[in-house]
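**Q** Sequence first, then the predicted structure:
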Amino acid sequence: MAGIETSEDSQAGSRGGRSSLAGNATDKVLNLLDAAAAPGYPHRLGEIAAAAGVPKASAHRILQNLVGTSYLATDGAGSYSPGPRLRALAARVSQGCAEDQVMRAELEVLSRRTGHTAQMGVRTGDSITLLVKVAGSNPVQESSRVGQQLPPHTTAIGKCVLAAMADDELTAFVRRVGLDARTPHSITDLAALRTELDKVRQQGFALDEEENENGVRCLAAPVRDARGIVVGGVALATITFLESRESLLGHRDPLGITADALHGLLG
């Protein structure tokens, strides 16, 4: 990409209505916006309130205010979707954003070097949201998409985030969200998750062994903000019958280079 220096250049990325998510007034508004704009909209009031962890009566009042200010739109039958003001805001954030251009450029380099799908995800509340995805050259691709929200405990990027948590924070997270299985390979026990996260800390990378999607294996490295706090990760996604675990691990060096290049980019 013209005008952007990449690491390649320098060397020749249902909660069931739990009220604990609600937080203060600002948290409630942001959680409701996030839930209303989640893929698959329009969403019904009850669904949005449950996902945001906000009591239904409060959620209805806040959502009506957001409709009144055009951040959300309603069909008049109790369902909500992004409104024109929220769409315009999203367009302004993403259009010509230097950080987005750098992320995509770095992931394009990583995908080109490895031949695999490269993706960048960040923690958003209790989920991992995919920000950028660059498809690899294989004809068979995994099903992730930009904007998709995934549980941290079943994804390699999410494990990077969880591994950076203190134990009491991890325990609170599990109590709040749970460890639901996405596939038969998902980790659903806190003790097993602690053991897995110990390995992530020791190795400096995380693996998703078909834990989020059958037939898909991912390798991820953590990405930190300017303060050194892990805010997400960059990952390579492969199809298990096309590449072995050992072969995927052979891409740790370019993955680490990309992760280092993205540090500090998100605040």
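**A** Arrived safely, thanks for sending.

**Q** The helix or strand containing L236 - contacts with which helices or strands?
**A** Take DSSP states H and E as the rule and L236 turns out to sit in strand 230-239. With contacts taken as 3 or more Cβ pairs under 8 Å, 6 or more residues apart in numbering; DSSP states H and E, strand 230-239 sits against helix 98-114, strand 117-124, helix 156-163, strand 216-224, helix 252-262. To be clear about C-beta, it is placed using only N, CA and C from the backbone, and glycine gets the same treatment.

**Q** Note down every partner strand of that strand and its orientation.
**A** When sheet partners are counted by DSSP bridges, strand 230-239 sits next to strand 117-124 (antiparallel), strand 216-224 (antiparallel).

**Q** Next SSE downstream of it?
**A** As the chain continues past strand 230-239, the following element, by DSSP H and E, is helix 245-249.

**Q** Excluding its own residues, what touches that following helix? List them.
**A** 116, 207, 209, 217, 219, 236, 238 (Cβ atoms under 8 Å, 6 or more residues apart in numbering).

**Q** Grab the nearest non-local neighbour of the first one.
**A** Yep, that's H116 we're talking about. In space, and not counting its chain neighbours, H116 is closest to G136: 4.2 Å by Cβ to Cβ, 6 or more residues apart in numbering.

**Q** List the contacts of the one you found.
**A** Here G136 is in contact with 111, 114-118, 237-238 (Cβ under 8 Å, 6+ apart).

**Q** need those residues in TSV with pLDDT and distance to R145, can you?
**A** Below are the contacts of G136 laid out as TSV (pLDDT from 0 to 100; distance: Cβ to Cβ, whole Å):
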residue	pLDDT	distance to R145
S111	94	16
T114	94	20
G115	91	20
H116	92	17
T117	93	11
A118	95	14
A237	94	12
T238	93	17
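
**Q** quick one on the thing from earlier: for E169, find the nearest of the helices and strands packed on strand 230-239.
**A** helix 156-163 (9.1 Å; Cβ to Cβ).
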